[in-house]
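Undergrad: predicted structure and sequence below. I'll ask about it afterward.
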Amino acid sequence: MYERKYHKHISARHNWFDLKLNEVWQYRDLIFLFTQKNFTVSYKQTILGPLWLFINPLLTSVMYMVVFGNIAKLGTDGIPQLLFYLSGNALWSYFASCLNGNAATFTSNARLFGKVYFPRLTVPISNVLCSVIRFGIQMLLVVILLGYYIWKGAVSPHWEALLLIFLLLLWLGCMGMGVGILISSVTTKYRDLSVLVGFGMSLWMYGTPVVYPMSILPEGILKKIILLNPVTAPMEMFRYILLGEGNILPVSIGVSLLFTILVMLGGIVVFNKVERTFMDTV
């Protein structure tokens with residue numbers, strides 16, 4: 001008579017600091033699949049498709065030129081206005097995309113998460129990679145404009161530090177993902193927070209030197225607050241490398257790096273904790 005054999009797998013109870021990064025690496029093919037899907041779905045059934053990645057930042061930068069450059073008369077440290085606004089907008093859009101794309105991870109993927117098991121962190125990581133692709137496409141426009149102004153002698157990039165831009169992308173990607181998955185974890189119970197994300201991001205942008213340089217701010221409490229904004233340091237470093245102008249302070253870099261490490265680790269810990277029970281609340 002045939003006797004069935006069963007195997008029982010016994011593992012330790014999951015603890016708060018079980019990040020399961022090993023498992024995420026084993027599912028790296030799924031990460032790339034999600035990345036491809038996210039990018040193609042974004043522009044599916046649109047007439048212009050990925051061309052919107054050029055049109056959107058260009059129109060936004062022109063609006064900034066009119067409002068902040070011509071009406072408000074805000075300076076740009078001698079950098080041509082269109083290049084100043086376009087470069088700042090590209091980096092901010094990348095950070096905002098990393099954060100916003102992950103702020104609804106659980107609620108947007110509840111049906112998928114309820115059907116099949118895979119490491120849930122693959123979804124936030126793929127969102128960040130998709131944002132990297134969008135940033136790379138937008139930067140083509142910035143590079144063309146930058147080349148023109150270099151030829152005109154209007155800007156002098158710091159070529160020796162050019163590769164640091166990749167570290168800045170990793171830096172902001174981790175920060176955006178960390179904050180995003182923290183918000184996503186909390187909104188499984190408190191949906192009101194998701195309503196505040198868009199408003200909060202608008203306030204955060206104006207508290208970041210995206211449409212103005214740090215040099216125009218008067219000394220005082222406001223400047224200190226903006227220097228402590230965790231996005232200020234990578235934004236100023238990006239401009240310093242690419243455009244040759246930027247206000248880089250060690251204290252600003254230190255605060256930003258510490259914030260990034262805390263929200264990234266804290267976000268993963270809370271995310272992994274919530275993923276085991278979120279189907280009961282979503």
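TA: Looks like it arrived, so ask away. Residues are numbered from 1 along each chain as shown.
Undergrad: pull the contacting residues for residue 102.
TA: Residue 102 makes contact with 123, 124, 127, 128, 176, 177, 180, 181, 183, 184, according to Cβ atoms under 8 Å, 6 or more residues apart in numbering. In this view, the C-beta of every residue, glycine as well, is placed from N, C-alpha and C.
Undergrad: ok, now how distant is the spatially closest residue to it that is not a sequence neighbour from residue 263?
TA: With sequence-adjacent residues excluded and distances taken as Cβ to Cβ, 6 or more residues apart in numbering, residue 102 is closest to residue 180, at 2.9 Å. Applying Cβ to Cβ, to the nearest Å, the value for residue 180 to residue 263 is 9 Å.
Undergrad: between these two, who's got more neighbours?
TA: Ranked by neighbour count (other Cβ atoms under 10 Å), residue 180 and residue 263 place residue 180 first, with 27 against 20.
Undergrad: now that one: how far from residue 201?
TA: For residue 180, the distance to residue 201 - Cβ to Cβ - is 11 Å.
Undergrad: equivalent analysis for residue 274, please.
TA: Using Cβ to Cβ, residue 274 is found at 22 Å from residue 201.
Undergrad: any stretches of the chain with poor pLDDT?
TA: Within the chain, the ranges that satisfy pLDDT under 70 run 1-19, 45-47, 192, 278-282.
Undergrad: try it again at 80.
TA: Applying pLDDT under 80 to the chain flags residues 1-21, 42-50, 109-110, 113-115, 188-195, 276-282.
Undergrad: select the longest helix from it.
TA: If you go by DSSP state H, the chain has its longest helix at helix 122-152.
Undergrad: packing partners for that one?
TA: If contacts are counted by 3 or more Cβ pairs under 8 Å, 6 or more residues apart in numbering; DSSP states H and E, helix 122-152 sits against helix 28-42, helix 52-64, helix 81-100, helix 105-108, helix 164-187, helix 232-243.
Undergrad: do me a favour and get the end-to-end distance for stretch 113-129?
TA: Start-to-end span of stretch 113-129 (Cα to Cα, to the nearest Å) is 20 Å.
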